[in-house]
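Visitor: just to be clear, the model below is a prediction. Sequence and coordinates:
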Amino acid sequence: MEFLPPEGIPKGPEAENYLYTRVRLAWYYRPGDVSDRSVTDSRLLLAAIFSEVCDINQLRGKCHVVHRDKISDLAGWKKRPDRFYFNRLFDPYVKKEFEIIPATDVRNLPDDIRETLISRYEFVVAEKEVIPDLTDNLRLCDTCQEWCATIDAVQCDRCKLYFHMRCVQPPLLAKPSRGYGWTCAPCSHRHEEEVDSHHVRHATPVNLSRKTNAPPVRGRGRPRKDKSQAEREENMTVKHFKMWPFRYFGQHTFAEDTLDPDDLIFPRTATRQGPKFQVNVPSGPELDINPSEPDERGGDNTIENLGIINTLTEAEMEACKAGLTGDPILRSSVDWLTEVIKRFSEAALAAKPLTSVNMKSPHRAEKWKKFETLYTDREWTEDETDAFEMAIKIHGAELRAVQEQIPSRKMPEVVRYFGLWKSAKVGEENRRLAKGNSRQSIQHRKFSSPEHALEGQHVGFSDDEGSIIEQPSKPPTCAACRTRESSTWWKAPKGLSTDLMCDNCGTAWRKYADLVVRPLRDESITSGKARPDKREGTPLNGPSTKRARTSTSAASTPPPIMITVPYMRCLACMKNGPIGKVLKCKNCHLRVHAGSVGEMVEPTQLDQWICELCRNQETLEASTIHTCLLCPRASIEERKLSPYPPSDTFLRACKPTEGQGWVHILCAVFNSELVFTDATKLRLVEGLSTIPRNRWASVKSSRRDTTIMTTFKGEIGCMNAIISCKEHDHSKRDIYDICETDEGGQTALEVYCQAYKQALVGQTHALLRKARRLDQILNMRGDALGVPPPEPPLPEPECYRCHSQYSPAFYPTALSNGSRHAANEFSRWICHRCHFEVEHVNGLNGIHVAVA
């Protein structure tokens, strides 16, 4: 961000004549460092509005960090060294991630605020749910024609106009609750007239998805051969205001504050006040209060004077203190001085001389306490002090955790002792500095001009560089690639076979956190195994470079211990994964990827995780009959299995419905009519009543009807849930596995459900959504307007060969002469399986078989 001169030098233009000794660095986080979600892209970073001043010798090189929208060829960008990109921001204080969009995409603002925002900053930081409102067109109040801020504006559900809550009649005190809509007075009056004129109940209108002006997501793009484009992207000018290219402009920001250049740019969050965070405890039963009990603290009868002595000089105060005690440490004690002033004040109010005060009694009486208490805490023992200092080293200033390590002390005692202990440490440091043991002040060299200072500037490794090992104590071997030759050896992270890494592996680990560990060979792991013969051309009788063995009984050096992470096989994709990514139910031992069932488990709770069905046996929130509502009914023998559904298949993964039933996750995903109330957790399946009975008989849908675009692994397009056999041609389109993850760690199932299976919970209430689906089924509006009733549905088709009623598709039979009946004249059908079996037997390709 900037280079800084040494501390303590004169400010102004004269500071340019000194060498730069410090540098201010902006922080970027790796996604794996701030969350448990694993990210495969080593070039993806999280920005932060956080900087730190470091020594200039800590600089290791130059890298390029660019926003994702500024990169036209992401694949080519990641192939170049020292290139990184970001598209989100992480705040280390709020501990939350935010979206980053270009400032030019923000349109829903007044002109003066928008121009100020664009002229100062290149990007804007906001919550994900606020982005559609910011990128929408300018919203004006239909009454006063002024800008409508999202926080104090409402939208009519019918005319889609915006109003200030203060501009409507009567004014609105608060926005409608989540799931409920609001209509303006003219629309409400017009709706009442329509209802009164027709005397019928209209079907509830279905709200279409609101269009947005948000910019489309960029694709991965093709690698460019023109290197000048990449160089222009590296040297692209980015606007900065007070050294920052972005600022927070989310739901907790007042737009007018942006005009103030001193406004804080950091992310904000809601205050933890109100009934959501504070419990409303009802008052307890009234008890008979004993008149002899002391008054409750806080009333007028419990007011005490802490001190009225303000006329004593410093010499008189020291004389009084010397007359009370001869301990110099006790004279500087805060608790002792507070009690002395209190007793002096009581003596003055009682018209007694100050010489009548003594500190022999360590107790004091307070009006709101029944008994006398000590005015200071009892002395801390050596064991308590050692436990306190050990807890401070572990937990720092988290005094709640420190108090748990010292059960003999209460929380107020720990807080008071922490202040005294910290003051004692500062006093020891000051006394040490007063004795002349402080470091000599560094004399910084001053140059005659800034040009001479720039010529003498040098940046290199600092003296306390501990990552490079100059002379290894034994023959070195890289812990990652197993090489034994390298110009520079780096210190390896813990958990590897050796504590050294070569220059290539060490640089890759420090820059990109990318470490590919090559497994040890069998002959190097197995002890006692004969050494392999030397290869051809090697002198067998040459001099040995190793020292001769002096004792045959000397034990060989044990092989290094390899720390391996336990793996489990997922029942959804049948692939192995580490514990944490693959969850195992504590009760039924179901093993699935966390992303395939919508679970987010803390690392400390991995051993205690239980699946939805086992959790329901404890809570009884849904039905205890775990049969899927979309699958054929299981036989009595299958239901007798314990557990049911069996835990050795992915069919054990079920989710509750809005009617407290159960469906398989696969059934809910592969049926286009079903949606989830919460697509991130795959909770509460909705829409079972909208599935037509004869949908399997007429499969004529087209994938081109889907218009929602999503991004997965850099590819943009429409996603569909399909089931394919092993011989299926996968070359025409990209096919991803259920548990396959992208750069952000999300599985394909999570991306698909969040894009296509999320119910519109922000627009309507759950009961209203259910009523709309019932209106579509009953078709009440069509009957009221005189629309002819629909044709009766065809009977359920049944295969004439195997008599099965369940098949992906049914085919009508043909007459022997090749002619066909109309679709409603067929009385015999053939299922998908039998259709191809008959074609294979008769040697036909794509021609329907004639059935007698």
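Guide: In hand now; what should we look at? Residues are numbered from 1 along each chain as shown.

Visitor: quick one: pLDDT of the closest residue to A149 other than its chain neighbours?
Guide: Using CB to CB, 6 or more residues apart in numbering and skipping residues adjacent in sequence, the residue nearest A149 is A255, 6.2 Å away. All C-beta atoms are positioned from the backbone trio N, CA, C, and that covers glycine. Residue-level confidence at A255 comes out at 84, pLDDT.

Visitor: let me know the average pLDDT across stretch 680-699.
Guide: The average pLDDT within stretch 680-699 is 71.

Visitor: should've said stretch 795-808
Guide: 82.

Visitor: buried ones in it, by neighbour count?
Guide: Neighbour counts over stretch 795-808 (16 or more other CB atoms under 10 Å) mark 797-799, 807 as buried.

Visitor: could you tell me how far that stretch lies from the centre of the chain?
Guide: Taking CA atoms, centre = their mean, to the nearest Å, one finds the center of stretch 795-808 at 48 Å from the center of the full chain.

Visitor: in this structure the residue nearest to A149 contacts D111, no?
Guide: No: under the criterion of CB atoms under 8 Å, A255 makes no contact with D111, lying 11.9 Å away.

Visitor: follow-up on the earlier one: could I get the buried residues of stretch 795-808 as JSON lines with distance to C585 and secondary structure?
Guide: Listed next are these as JSON lines, based on distance: CB to CB, whole Å; DSSP: H, G, I helix; E, B strand; the rest coil:
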{"residue": "P797", "distance to C585": "39", "secondary structure": "coil"}
{"residue": "E798", "distance to C585": "39", "secondary structure": "coil"}
{"residue": "C799", "distance to C585": "38", "secondary structure": "strand"}
{"residue": "S807", "distance to C585": "33", "secondary structure": "coil"}
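
Visitor: could you dump the residues you listed into JSON lines and include distance to D33?
Guide: Formatted as JSON lines, those follow (distance: CB to CB, whole Å):
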{"residue": "P797", "distance to D33": "57"}
{"residue": "E798", "distance to D33": "59"}
{"residue": "C799", "distance to D33": "58"}
{"residue": "S807", "distance to D33": "51"}
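
Visitor: now for the residues you listed: which two are most distant?
Guide: E798 and S807 (9.7 Å; CB to CB).

Visitor: picking that back up, which of the buried residues of stretch 795-808 lies closest to K422?
Guide: S807 (76.4 Å).

Visitor: now for the closest one: which residues touch it?
Guide: S807 makes contact with 696, 799, 831-833, according to CB atoms under 8 Å, 6 or more residues apart in numbering.

Visitor: run through who's touching the longest strand along the chain.
Guide: In the chain, assigned by DSSP state E, the strand with the most residues is strand 44-55. Contacts with strand 44-55, where a contact means CB under 8 Å, 6+ apart, come from 1, 4, 21-31, 34, 65, 84-92, 97, 100, 125, 243-244, 246-248, 265-267, 462, 743-744.

Visitor: narrow those to those in strands?
Guide: Members of these lying in strands (criterion: DSSP E): 4, 22-29, 65, 84-91, 97, 100, 125, 246-248.

Visitor: buried only: go through those for me.
Guide: Buried members of these, scored by 16+ other CB under 10 Å, are 4, 22-23, 28-29, 84-91, 97, 100, 125, 246-248.

Visitor: helix, strand or coil for the nearest residue to Q405 once chain neighbours are set aside?
Guide: In this structure, Q405 finds its nearest non-sequential neighbour in A391, 4.1 Å apart by CB to CB, 6+ apart. Here A391 takes the helix state, with states given by DSSP: H, G, I helix; E, B strand; the rest coil.

Visitor: could you double-check that A391 sits in contact with V402?
Guide: Yes: when contacts are counted by CB under 8 Å, A391 is listed as touching V402 (4.2 Å).

Visitor: pick out whichever of the two has more residues nearby.
Guide: Comparing A391 with V402 by other CB atoms under 10 Å, the one with more neighbours is V402, at 24 against 19.

Visitor: and that one, what are its phi and psi?
Guide: When read as degrees, to the nearest 10, the backbone of V402 gives phi -70, psi -40.

Visitor: mind listing what it touches?
Guide: By CB under 8 Å, 6+ apart, V402 lies in contact with 388, 391-392, 395, 414, 418.

Visitor: need the buried ones from those selected in ChimeraX.
Guide: The following ChimeraX line selects those of the contacts of V402 that are buried, judged by 16+ other CB under 10 Å:
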select :388,391,392,414,418
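
Visitor: coming back round to it: dump the C-alpha coordinates for the longest strand of the chain into CSV.
Guide: Provided in CSV are the C-alpha atoms of strand 44-55 (Å, rounded to 0.1, in the frame of the first residue of the first chain):
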residue,chain,number,x,y,z
LEU,A,44,-8.3,-17.7,-5.2
LEU,A,45,-8.0,-15.3,-2.3
LEU,A,46,-10.4,-13.4,0.0
ALA,A,47,-9.8,-9.6,0.2
ALA,A,48,-10.0,-7.8,3.6
ILE,A,49,-10.1,-4.2,4.7
PHE,A,50,-7.2,-4.7,7.1
SER,A,51,-3.6,-3.6,6.9
GLU,A,52,-0.5,-4.0,8.9
VAL,A,53,2.8,-2.1,9.1
CYS,A,54,5.8,-4.6,8.8
ASP,A,55,9.5,-4.4,8.4
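
Visitor: follow-up on the earlier one: so which of the contacts of S807 belong to helices?
Guide: Members of those lying in helices (criterion: DSSP state H): 832-833.

Visitor: who wins for most neighbours among the contacts of S807?
Guide: That'd be C831 among these, by other CB under 10 Å, with 23 neighbours.

Visitor: separation between it and K175?
Guide: 54 Å (CB to CB, to the nearest Å).

Visitor: repeat that for C799.
Guide: According to CB to CB, C799 and K175 sit 56 Å apart.

Visitor: strands along the stretch 701-850 of the chain, start to end?
Guide: With DSSP state E, counting those that start in this stretch as the criterion, the stretch 701-850 of the chain has strands at 710-712, 715-717, 810-812, 829-831.

Visitor: actually the stretch 51-200 of the chain, not the one I wrote
Guide: 64-67, 83-91, 96-102, 123-126, 153-155, 162-164.

Visitor: between those, which gets nearest to P493?
Guide: Closest among those, once you apply CB to CB, is strand 83-91, at 20.5 Å.

Visitor: the closest residue to R60 other than its chain neighbours: neighbour count?
Guide: Closest residue to R60 apart from its sequence neighbours, by CB to CB, 6+ apart: R510 at 7.5 Å. By other CB under 10 Å, 13 other residues sit near R510.

Visitor: one step back: next up, the contacts around the residue nearest to A149.
Guide: 109-110, 113, 149, 249.

Visitor: repeat that for T376.
Guide: 333, 335-336, 339, 362.

Visitor: return the distance of it relative to S333.
Guide: 7 Å.

Visitor: quick check, pLDDT for V663.
Guide: In this model, V663 is scored at 90, pLDDT.

Visitor: for the buried residues of stretch 795-808, which one is nearest R431?
Guide: S807 (89.5 Å).

Visitor: got a list of what K770 touches?
Guide: 658, 686.

Visitor: ignore what I typed, I meant E798.
Guide: Going by CB under 8 Å, 6+ apart, the list of residues near E798 reads 804-805, 829.

Visitor: ok, back up a step: need the contacts of V402 in TSV with pLDDT and distance to L767, can you?
Guide: As requested, these are exported to TSV (pLDDT from 0 to 100; distance: CB to CB, whole Å):
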residue	pLDDT	distance to L767
F388	91	57
A391	89	52
I392	88	55
H395	85	48
V414	89	51
F418	89	54
